[in-house]
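Undergrad: Build me a model:
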Amino acid sequence: MDFKIGNGDLGEGDGDNYITIPHDLIIQPTQNPLQDTINSTYPDLDGQYMDTSYIQDRAFLGPTNEVVEELNDYIISSINGVEHEYLSSDSICKASLNVVDQDILYHIEFLNNLRFLGFPNHKLTLKVGLPIMLLRNLNQNEGLCNGTRLIITKLATWVIEAKIIIGTNIGTCVFIPRITSSPSDSKWPFVLKRRQFPISVCFTMTINKSQGQSLKHVGVYLPRPISVMGNYVGWTRPEATKSTWDKAALAAINVNRKALNAIFCGVSLDEFHRIIYVTIAKEVWEILETTYEGTKKVKDTKLQMLTT
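TA: Residues are numbered from 1 along each chain as shown. As a prediction, this is how the structure comes out:
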């Protein structure tokens, strides 16, 4: 296991290694450590969660979907507002069945309970003002891409109105419909079809899902030790601590964030996977430029072919 954080190397070599978190970054536990953690990242949440500027730069990170859903449910229940519950319509794609009447083997309750990474759940509990994240590309020109964060402004039976809070389309009000989709990675011998709003509440998100997001206030909730086997884990600071911010640094961060969001919303899924781990907009642009145009040597060769 090899952890590399910042400018140094931690835990080189084989075996178990532990990372010591600076004391000033640790929230001291009390009788309700979960609530204390939430208060540190979302102070006065019930009074400010409708404020776009308050929500757009904050997020909780969790190691697994189970932890993320537990935190989101806890936060939703603590906020005043009318709850709206949306249930999906689930079925098995007939074209994926290899056995006659195989769909009879799987009851609708079983299908409803299936959960997949990056896929909407059967039941969504929503309130006006909650931050949500898109789980599918709907309209890249309008900024509705996988990973786009929005705030719910209206809840209707068949559509959700929300306001984009990141990217070049920030502030734009859009409508999100129910769509029918299938999970891209499933262990089951059939293809699930689920008609649901392609969103998830994102007070909390998984560490992997936070890649590409620009956040100023980040809380990490680790209810149990986590381990990484055979993988390289890269961490970057969301930004410097408040005491080190200045106007020039904030301006540079905001420019880089806007450029990254604009690029992420304008590329295909394959291209996104190629640049997802890059945090500097200029480096992302160079990767895409090389992909489409080739290296300087390739360009010179093409130019020579055209002029001879």
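Undergrad: shaky segments in the stretch 1-150 of the chain?
TA: Scanning the stretch 1-150 of the chain with the threshold set as pLDDT under 70 gives 1-21, 29, 96-103.
Undergrad: Walking through it, point out its strands one by one.
TA: Assigned by DSSP state E, counting those that start in this stretch, the stretch 1-150 of the chain shows strands spanning 3-5, 8-10, 58-62, 84-87, 89-92, 123-126, 131-134, 149-155.
Undergrad: quick one: which of these is nearest residue 268?
TA: Nearest to residue 268 among the strands of the stretch 1-150 of the chain is strand 131-134; the distance by C-beta to C-beta comes to 15.8 Å. Placement of C-beta: from N, CA and C, glycine included.
Undergrad: What segments of the stretch 201-308 of the chain are strands?
TA: So, for the stretch 201-308 of the chain - with DSSP E, counting those that start in this stretch - the strands run 204-206, 217-220, 233-235.
Undergrad: deepest of those strands, which one?
TA: strand 204-206 (a mean of 22; mean count of other C-beta atoms under 10 Å).
Undergrad: Sheet partners, orientation included, of that one?
TA: Strand 204-206 has the following strand partners under DSSP bridges: strand 58-62 (parallel).
Undergrad: how about the strand it pairs with as PDB, C-alpha atoms only?
TA: The C-alpha trace of strand 58-62 is given here as PDB (Å, rounded to 0.1, in the frame of the first residue of the first chain):
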ATOM      1  CA  ARG A  58     -19.800  22.700   0.800                       C
ATOM      2  CA  ALA A  59     -20.100  18.900   0.800                       C
ATOM      3  CA  PHE A  60     -19.700  15.900   3.000                       C
ATOM      4  CA  LEU A  61     -17.600  13.000   1.700                       C
ATOM      5  CA  GLY A  62     -18.200   9.400   2.700                       C
END
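Undergrad: can you pull the buried residues of that strand?
TA: Across strand 58-62, burial judged by 16 or more other C-beta atoms under 10 Å covers 58-62.
Undergrad: Redo the strands of the stretch 201-308 of the chain as a markdown table? Include distance to residue 274.
TA: What follows is the strands of the stretch 201-308 of the chain, written out as a markdown table (distance: least, C-beta to C-beta, whole Å):
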| stretch | distance to residue 274 |
| --- | --- |
| strand 204-206 | 21 |
| strand 217-220 | 25 |
| strand 233-235 | 16 |
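Undergrad: Of the ones you listed, which is nearest residue 107?
TA: Closest approach to residue 107 among the strands of the stretch 201-308 of the chain (C-beta to C-beta): strand 204-206, 29.2 Å.
Undergrad: what's in contact with the closest one?
TA: With C-beta atoms under 8 Å, 6 or more residues apart in numbering as the test, strand 204-206 has contacts from 59-65, 67-68, 71-72, 75, 133, 213, 221.
Undergrad: Narrow those to those that are buried.
TA: Among these, those buried by neighbour count (16+ other C-beta under 10 Å) are 59-63, 65, 67-68, 71-72, 75, 133, 213, 221.
Undergrad: residues contacting the nearest residue to residue 135 once chain neighbours are set aside?
TA: Leaving aside its chain neighbours, residue 135 sits nearest to residue 198 (4.7 Å; criterion: C-beta to C-beta, 6 or more residues apart in numbering). Applying C-beta under 8 Å, 6+ apart to residue 198 gives the contacts 120, 134-136, 138, 176, 179, 181.
Undergrad: how does the chain divide up, domain by domain?
TA: 3-206, 239-307 (automatic domain parsing).
Undergrad: Can you tell me the closest non-neighbouring residue to residue 116?
TA: Nearest to residue 116 is residue 183, by C-beta to C-beta, 6+ apart, at 3.9 Å.
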